[in-house]
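**Student:** The following block contains a protein sequence and its predicted model.
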Amino acid sequence: MTRIIFQTKGTLDKYIGDAVMAFWGAPFEEGDHAVRACSTALIMMRRVGELRDEWQAAGRPPLDIGIGLNTGTASVGNMGSQLRYGYTAMGDAVNLSSRLEGLNKEYRTHILVGSSTFEAARDAGFLFRELDLIRVKGKLQPVTIYELVALKDGTRRARGARQRFCARPAPVICAASGSKLRTCSRKCWIAGRTMVRREPIGSVARITCSRRRTKVGTVFS
């Protein structure tokens, strides 16, 4: 994974247990930093698939990872004390990327991106699926999250991903309010049940169905 980060001109921040933290756009400015990050994530997942096949053939446990990407302003530089410091990035944008990485387990996804990353890379040839609204700890405004599915490269994998996910957004977010909320809740629930048969257990559609009777404003939670 580290080699892939370097190949896409990323900055390796640190290893955190079994996790890797990296960023693009510093110390040198790069206008396409969001595109580089998305490309890196897809290359990593392809490499993980290759390693998984090799290790399973050798009788080793299966390998899987989750990746969180977010774009925003951060404090970047040497952080620490006089005794020890390191070059790193800090801020709300960084915290959200960490939150997204952890949410992959809940949604049974591999790559989750924030709305700012989606907006910066949406026209760069990637397939995205809108998933949900989440509220980050300490923040009042929810943020939209997306799944990075594949490249729009015309391959069989990309066509399959487009057919499975991108032709229809995940029915997780309800935009109704007031008296319309109950009716829309029913519609979202029916749409979710239809998708349950097509997606893995514990996936986005099943999460949607489990939210039918719990309402927070206009977002199912």
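**Tutor:** Everything's here; your move. If you're wondering where the values come from, they're calculated on a predicted model, not measured in any experiment. Residues are numbered from 1 along each chain as shown.

**Student:** tell me which residues in the longest helix anywhere in the chain are buried?
**Tutor:** Longest helix of the chain, by residue count under DSSP state H: helix 33-57. Neighbour-count burial for helix 33-57, counted by 16 or more other CB atoms under 10 Å, picks out 33-42, 44-45, 48, 52. C-beta: built from backbone N, CA, C; applies to glycine.

**Student:** next one: stretch 127-141
**Tutor:** So, applying 16+ other CB under 10 Å, buried residues of stretch 127-141: 127-134.

**Student:** Return the subset of those residues lying in strands.
**Tutor:** Counted as lying in strands by DSSP state E, out of the buried residues of stretch 127-141, are 127-134.

**Student:** Now pLDDT too, for those, in JSON lines please.
**Tutor:** What follows is these, written out as JSON lines (pLDDT from 0 to 100):
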{"residue": "Leu127", "pLDDT": "95"}
{"residue": "Phe128", "pLDDT": "95"}
{"residue": "Arg129", "pLDDT": "93"}
{"residue": "Glu130", "pLDDT": "91"}
{"residue": "Leu131", "pLDDT": "90"}
{"residue": "Asp132", "pLDDT": "89"}
{"residue": "Leu133", "pLDDT": "89"}
{"residue": "Ile134", "pLDDT": "87"}
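
**Student:** The nearest residue to Val94 once chain neighbours are set aside: what's it in contact with?
**Tutor:** In this structure, Val94 finds its nearest non-sequential neighbour in Ala74, 5.4 Å apart by CB to CB, 6 or more residues apart in numbering. Applying CB atoms under 8 Å, 6 or more residues apart in numbering to Ala74 gives the contacts 23, 26, 89-91, 93-94.

**Student:** By mean pLDDT, flag the weakest helix or strand of the chain.
**Tutor:** Lowest on mean pLDDT, DSSP states H and E among the helices and strands of the chain sits strand 219-220, with a mean of 38.

**Student:** Can you name the element that comes right after the host helix or strand of Glu101?
**Tutor:** Assessed by DSSP states H and E, Glu101 sits inside helix 92-107. Going down the chain from helix 92-107, the next helix or strand is strand 111-114, by DSSP H and E.

**Student:** Can you list the strands that that following strand pairs with?
**Tutor:** strand 67-69 (parallel), strand 143-151 (antiparallel) (DSSP bridges).

**Student:** Output those strands in CSV; the columns should cover distance to Arg60.
**Tutor:** Below are the strands paired with strand 111-114 laid out as CSV (distance: least, CB to CB, whole Å):
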stretch, distance to Arg60
strand 67-69, 22
strand 143-151, 27
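
**Student:** Out of those, the one nearest Phe118 is which?
**Tutor:** strand 143-151 (4.7 Å; CB to CB).

**Student:** Just the residues contacting the closest one, thanks.
**Tutor:** Here strand 143-151 makes contact (CB under 8 Å, 6+ apart) with 38, 41-42, 69, 96, 100, 103, 107, 109, 111-115, 117-118, 125-136, 157-158, 161-162, 165-166, 173.
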